[in-house]
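In: sequence and predicted structure below; questions after.
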Amino acid sequence: MIVNCRSAYTASKHAVQAFADSLRAELSSNGVLVTVISPGYVSTNLSLNALTGSGDAHGKMDESNQKGYSAEYVAQETMKAVLKGKKDVLLSPLIPRLAIFLRYLFPGIYFLLMSHRARKGNNAS
């Protein structure tokens, strides 16, 4: 059984990024600034409320969410970024940041590691 897979959630985050990029381009001549905040894990009930592939509630607090940034920290950093007019802000520890660069520099290695991570997560269920 596959749990913890969040492809739909991840795809929606990607769609928001693409929409914001398009919106930013279209509205720049009107002086409208668009900021995208991409936080890593945030300590919320996301994993408790997530749905499994069967549509049932996951019902467990993932360690990643539990150890994530506080919502207050993310809110403060979001406010700072908006006030400074930043376009894209990544709020994440070093390892996830490195993964982003790895994906662009060495995509084969990145996808191999992500596949391994997904298999490891699926075997834990």
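Out: Sure thing, it's come through.

In: C-alpha only now, for contacts and for neighbours.
Out: Will do.

In: which parts of this structure are helices?
Out: Per DSSP state H, the chain has helices spanning 7-27, 46-49, 63-66, 71-84, 94-105, 107-123. These are given in chain order.

In: so of these, which one's packed in deepest?
Out: By mean neighbour count, with neighbours taken as mean count of other C-alpha atoms under 10 Å, helix 46-49 ranks first of those at a mean of 16.

In: what does that helix rub up against?
Out: 57-62, 65 (C-alpha atoms under 8 Å, 6 or more residues apart in numbering).

In: let's see that with 10 Å instead.
Out: Under the criterion C-alpha atoms under 10 Å, 6 or more residues apart in numbering, residues 4, 6, 56-66 lie in contact with helix 46-49.

In: can you add pLDDT and distance to D88 and give the residues you listed back as a markdown table?
Out: Shown next, in a markdown table, are the contacts of helix 46-49 (pLDDT from 0 to 100; distance: C-alpha to C-alpha, whole Å):
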| residue | pLDDT | distance to D88 |
| --- | --- | --- |
| N4 | 52 | 27 |
| R6 | 68 | 22 |
| D56 | 80 | 34 |
| A57 | 80 | 32 |
| H58 | 78 | 31 |
| G59 | 82 | 32 |
| K60 | 82 | 31 |
| M61 | 79 | 28 |
| D62 | 79 | 27 |
| E63 | 78 | 26 |
| S64 | 78 | 23 |
| N65 | 78 | 22 |
| Q66 | 78 | 25 |
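
In: out of the helices of the chain, nearest to P39?
Out: helix 71-84 (7.2 Å; C-alpha to C-alpha).

In: pull the residues that contact the closest one.
Out: Counting by C-alpha under 10 Å, 6+ apart, residues outside helix 71-84 touching it are 33-44, 85-91.
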